[in-house]
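Colleague: Sequence and predicted structure, then a few things I'm wondering about:
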Amino acid sequence: MRGQLIRISSKFEFTNVECISLDKRFDDFEYCFLKSVNRTYKYLSLKVNLFKTPITKVKFNGVLFKRFNGYRPFMYNFTLDACRFLNNTKSNPLANYFFDFLKSHSNMNHTCPFDHDLILEKITVDFINNQITKVLPFPEGAYMLETHWIAYDIDRAVVKIYGTLS
């Protein structure tokens, strides 16, 4: 092995997504799915319809879980004022890392107020794979990112994204 370069690479794979509206008078999901086009092209899309716009006060809570005999909190659990963060995305490097997953695939990439339905369209496995293996490497395992979307201090929706890194 001496003198040889060994390259180790990881691969991310979506396994499931769940979208739950906690207040159907405030919001509801029009769609929320994973689509597997072929063995190498899989993506995540969701759309939430907002019924009480404009929304001027939004908080976001994100918790990363890793599976160890059930899902257990792993490394990240943060809550932020989304409106304040969107005014200055450099103010929170951790939130900005997770926001990088969304901003190029979403219409949520502007400051408050939100006066339209929210769309997250075709986040591909390749894009996620680059973010979690090259930008900020993660150890192998099964993960769940649970996000809570809080408007006017009331929990309105939960999105859970499941995946494996091998």
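Modeller: Nice, thanks for sending it over. Treat the numbers as computed from the prediction; the structure is a model and nothing was measured.

Colleague: give me the element Asp100 is part of.
Modeller: Asp100 is located in helix 93-102, with elements delineated by DSSP states H and E.

Colleague: In contact with the closest residue in space to Asn96 that isn't next to it in sequence, which residues are there?
Modeller: Nearest residue to Asn96 in three dimensions, chain neighbours excluded: Thr89, at 5.1 Å (Cβ to Cβ, 6 or more residues apart in numbering). The way it works is simple: take the backbone N, C-alpha and C, and place the C-beta from them, glycine included. Thr89 is in contact with 95-96, 99, counting by Cβ atoms under 8 Å, 6 or more residues apart in numbering.

Colleague: what residue ranges in the protein score low on pLDDT?
Modeller: Scanning the chain for pLDDT under 70 picks out 1-10, 131-137.

Colleague: does Asn109 sit in a helix, a strand or a coil?
Modeller: Look at Asn109: counting by DSSP: H, G, I helix; E, B strand; the rest coil, its state is coil.

Colleague: Would you list the phi and psi of it?
Modeller: phi -100, psi 40 (degrees, to the nearest 10).

Colleague: how deep is it tucked in, by neighbour count?
Modeller: 12 (other Cβ atoms under 10 Å).

Colleague: isn't it right next to Phe101, touching?
Modeller: No. Asn109 is not in contact with Phe101 according to Cβ atoms under 8 Å; the separation is 11.6 Å.

Colleague: what is in contact with the two at once?
Modeller: The contact sets of Asn109 and Phe101 do not overlap (Cβ under 8 Å, 6+ apart).

Colleague: where along the protein do the helices fall?
Modeller: Counting by DSSP state H, the segments of the chain that form helices are 82-87, 93-102, 125-130.

Colleague: Show me what the last one is packed against.
Modeller: Counting contacts by 3 or more Cβ pairs under 8 Å, 6 or more residues apart in numbering; DSSP states H and E, helix 125-130 packs against strand 12-21.

Colleague: Given the strand it packs on, what are its sheet partners and their directions?
Modeller: strand 154-165 (antiparallel) (DSSP bridges).
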